[in-house]
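Asks: here is my input; please provide its structure:
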Amino acid sequence: MHPKFILFASADKPLAGTFVYGMTFQHKDLVKGYGKVHGGGWYQKDDKHKTMTLYGSSGDYGQPDFNFLNRIPSELKGYRFIFTPIQGLPGNELPLDDVEWV
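Replies: Model (predicted):
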């Protein structure tokens, strides 16, 4: 099992992407219901520093489109989200000002 994420927009909210993450073998296993996946990748969660580092891309869905990072599970509120294309390189912090915590 590996730490993977996707940005999933359900059919009833097609413009609101939800950050879905978990330990899985394939990104497609994170999809719940009918909708559109706007890319994905891998993550590293650091509870001590409250950071969620996102990196890489999904073999199933391609690069993440962070225009669809609109909804994040509330258990991650207070975490900084950082994206880097390759793990280990410095990343860019993603803006979370307009995010809905669900």
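Asks: just the strands in the chain please.
Replies: 2-10, 18-24, 35-46, 51-55, 71-72, 80-84, 92-93, 100-101 (DSSP state E).
Asks: now for Asp98: which residues touch it?
Replies: Asn70 (Cβ atoms under 8 Å, 6 or more residues apart in numbering). C-beta coordinates here come from the backbone N, C-alpha and C atoms, glycine included.
Asks: quick one on the thing from earlier: right, and the strands of the chain - which one's nearest Gln63?
Replies: strand 35-46 (5.0 Å; Cβ to Cβ).
Asks: quick one: distance of the closest one to the chain centre.
Replies: 3 Å (Cα atoms, centre = their mean, to the nearest Å).
Asks: sheet-wise, list the partners of it with their directions.
Replies: strand 2-10 (antiparallel), strand 51-55 (antiparallel) (DSSP bridges).
Asks: now it: buried residues?
Replies: Using 16 or more other Cβ atoms under 10 Å as the test for burial, strand 35-46 gives 35, 37-43.
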